[in-house]
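In: model this:
(2 chains)
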There are 2 protein chains.
Amino acid sequence: MGADPLEPDSLGQVETQTARIFTTDAPLTLASGANLGPIDVAYETYGSLNADRSNAVFICHALTGDAHAAGWHPADKRAGWWDNLIGPGKPLDTNRFYVICANILGGCLGTTGPSSIDPATGISYGLSFPLLTVADLVEVHRGLVRHLEIPRLLAVLGGSLGGMQALDWALRYPSELATAVVIAASSRLTAQNIAFSAVARRAIMDDPDFADGNYAANQTTPDIGLAIARMMAHITYLSEDALTEKFGRDPHPASDTPGFGIDFAVESYLDHQGHVFTERFDALSYLYLSRVMDYFDPFADPSVLDAVRANPVKFLVMSFDTDWRFSTEHSRRIANQLERAEQPVTFREITSPWGHDSFLLPLPSYHDTLRAYFDRALSEVTR
Amino acid sequence: MGADPLEPDSLGQVETQTARIFTTDAPLTLASGANLGPIDVAYETYGSLNADRSNAVFICHALTGDAHAAGWHPADKRAGWWDNLIGPGKPLDTNRFYVICANILGGCLGTTGPSSIDPATGISYGLSFPLLTVADLVEVHRGLVRHLEIPRLLAVLGGSLGGMQALDWALRYPSELATAVVIAASSRLTAQNIAFSAVARRAIMDDPDFADGNYAANQTTPDIGLAIARMMAHITYLSEDALTEKFGRDPHPASDTPGFGIDFAVESYLDHQGHVFTERFDALSYLYLSRVMDYFDPFADPSVLDAVRANPVKFLVMSFDTDWRFSTEHSRRIANQLERAEQPVTFREITSPWGHDSFLLPLPSYHDTLRAYFDRALSEVTR
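Out: As a prediction, the model looks like this:
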């Protein structure tokens, strides 16, 4: 804890743990009515729980994230995905906060998902895995919080799909958290949002190696489709100006003769992103979790607001002005809905050239806002 | 010609003709230095050439268009792709103008392209077809105009890749046309533009049925990849608001149980667009012609403006305010470059909710602008 807060490895080495949150005998009943168990959850924690267990912050990750939000694993080439936010002296200061991050239900990085073994058959679930909702992801997080014996969270926060989980958790169980931080998220995807995910899913499912979802038994992986899905997604993660700034029309240095391969630098970037993604992510998880986002629409039922009306939560809703995957309009809608339910909402649109990816970056005005917000939240529960 | 101009079939039936513009012995020397011949060109004409052959308007089509711009073929379920613009009493009034439209070089709808038979081998060119540029497409159009014995065109016009051809033609051969109409086009694709096409090409080339471009010999077609390319492209052809307006989050009526198929109306739309595209378009043409767009950058060489400085052309440059494939910035850049070279440029940004697709639609302010422009152009050459 005495490490220099300016060092990128100030948090040091961390370990992923696994907990069985639901079992075959005591399964989770999903929003669809289906039962699912066992459910194992991979998670990491950083910092220490204080004496009255009031300093816990739960991080919800986005579509393709994992539990490894900060610090280093032995084989890491770079730190956890939100290491710039979490650590000693950082906005989520691990000298003061106890931070938890868990791989989400339906994922493929330690938590039960469609590529896990179905105990009923001894083979991967594949497409027999039940459809999920954001609420189901939250139920598993809640189970982990019970497992960790934390009576109430100081904050739940996340970006993109992570923000949807934070919002859903706060709406349905407001007594379980003091504040919710909803970043670059949406409460209702647009037709364009759904369209991009639809094409991504099509690329995966039409890959012959998808084998109707039984690719594990088939000993194949639909890498071609998954790479195409990821390449397309990366176009939407950056603003048009950011792509121009990073790549412009620069030729790819290794491009010899023009053709249909990698002639431009931006093509090399997409190719790299597609390739590395297939090495760490599962195609079925991509299907399930992208569909979770498509269907998320909590405010469609006005009664969803009854719980927070009775038990207000402090909300921080943030967007980035060049984010075109979930533009500021999405965040403003969330803030407006919450304000109509008389919630204390702070809304911030952050100026950033980097589009949707901004929520992962250490932008000063963004991090300063989060730092001040968490400091105040902690002072309010500990005063 | 006496048909009611309000009738959609006012132009009546038209026929596609084919002309051999270059031969094996007299091939076209491409911008790359490669020779290509024979080159057959499919074209249609509407209206009649006047006595002094001064009323000819050449239509350049976009990436996936064809020579059938207007009127009806016997088996048509709908009229040619720009039938709302071309016909008796329409903005391009075939009672007064002689309109020509030709399938572009590299295409697959009657004009020589990569799926054509290479006379040297007796099988399809495949990836041995030479790389093309916009200038090469224009050279073939010029050959057709010579074949039709038209000394000078009244106008060349086109949208998207068609607008690029009109711009290129005017810049390099300004004495061959009085006016150029450049609609929803670009003189320099952005990294994001290239990125979308890169993913589309990847989907095509990684489809196992692509067979390294020899799919004709392989008796396969890379329909999966081509459909994905088309689905993604259609997202970029409509504005986000237009997709919301058309589809919103409406469920697909035939969707029974939620899953990973077609649950939302927008998914049905994309599925349909992908499917019908594979029935009429060739994957190799998609590769070649999308790459033509990536590399188009005429103003990179300032000397390109020497010809029009000596021989000004009247330019009409138009954009649509919700077009995010080629935003107004692309058109404004074209207009600015031309103005710097002292060309008479009219620039119009048209208000339309429909994004890039707007250039194909009968929007009143758009058609009124074109009608007035063509009327004036004709009066200036015939006075």
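
In: in contact with the nearest residue to A:N35 once chain neighbours are set aside, which residues?
Out: The shortest distance from A:N35 to any non-neighbouring residue, by C-beta to C-beta, 6 or more residues apart in numbering or on different chains, is to A:P27 (4.1 Å). All C-beta spots, glycine's among them, are computed from the backbone N, C-alpha and C. By C-beta atoms under 8 Å, 6 or more residues apart in numbering or on different chains, A:P27 lies in contact with A:N35, A:L36, A:G37, A:P38, A:I39.

In: surely the second one is in contact with A:P130?
Out: Yes - here A:L36 lies in contact with A:P130, judged by C-beta atoms under 8 Å, at a distance of 5.8 Å.

In: common neighbours of those two, please.
Out: With C-beta under 8 Å, 6+ apart, A:L36 and A:P130 have common neighbours A:L30.

In: neighbour count for these two, which is higher?
Out: In this view A:L36 and A:P130 are compared by other C-beta atoms under 10 Å in any protein chain shown, and A:L36 has more residues nearby, 23 against 17.

In: which one is the residue positioned nearest the centre of chain A nearest to, not counting chain neighbours?
Out: Central residue of chain A (C-alpha atoms, centre = their mean): A:A62, 1.6 Å from the mean position. Closest residue to A:A62 apart from its sequence neighbours, by C-beta to C-beta, 6+ apart: A:S160 at 4.0 Å.

In: count the residues that sit near that neighbour.
Out: 26.

In: check contacts around it.
Out: A:A62, A:L63, A:I183, A:A184, A:A185, A:R325, A:F326, A:H356, A:F359.

In: packing partners for the helix or strand of chain A with the lowest mean pLDDT?
Out: When the helices and strands of chain A are scored by mean pLDDT, DSSP states H and E, helix A:215-218 comes last with a mean of 92. Judged by 3 or more C-beta pairs under 8 Å, 6 or more residues apart in numbering or on different chains; DSSP states H and E, helix A:215-218 is in contact with no other helix or strand.

In: let's go with 10 Å and repeat that
Out: Applying 3 or more C-beta pairs under 10 Å, 6 or more residues apart in numbering or on different chains; DSSP states H and E, one finds that helix A:215-218 contacts helix A:283-295.

In: what about the helix it packs on, average pLDDT?
Out: The average of the pLDDT scores along helix A:283-295 is 98.

In: ok so, going back, could you point out which element follows the least confident helix or strand of chain A?
Out: helix A:223-237 (DSSP states H and E).

In: any part of that next one near chain B?
Out: Yes - against chain B, helix A:223-237 shows contacts by C-beta under 10 Å from any C-beta of the partner chain at A:223-225, A:227-236.

In: drop anything exposed from these.
Out: Neighbour-count burial within the residues of helix A:223-237 next to chain B applies to A:223-225, A:227-236; the criterion is 16 or more other C-beta atoms under 10 Å in any protein chain shown.

In: from the stretch 1-150 of chain A, which residue is nearest to chain B?
Out: A:L131 (5.9 Å; C-beta to the nearest C-beta).

In: and the pLDDT at that residue?
Out: 98.

In: hang on, isn't it packed against A:Y125?
Out: No - at 11.7 Å, A:L131 does not count as touching A:Y125 under the criterion of C-beta atoms under 10 Å.

In: tell me, what's touching these two both at once?
Out: A:Y288 (C-beta atoms under 10 Å, 6 or more residues apart in numbering or on different chains).

In: list the contacts for whatever residue of the stretch 51-200 of chain A ends up closest to chain B?
Out: Nearest residue of the stretch 51-200 of chain A to chain B (C-beta to the nearest C-beta) works out as A:A191 at 3.9 Å. Going by C-beta under 10 Å, 6+ apart, A:A191 touches A:198, B:235, B:238, B:240-250, B:264-267, B:269.

In: lovely, talk soon.
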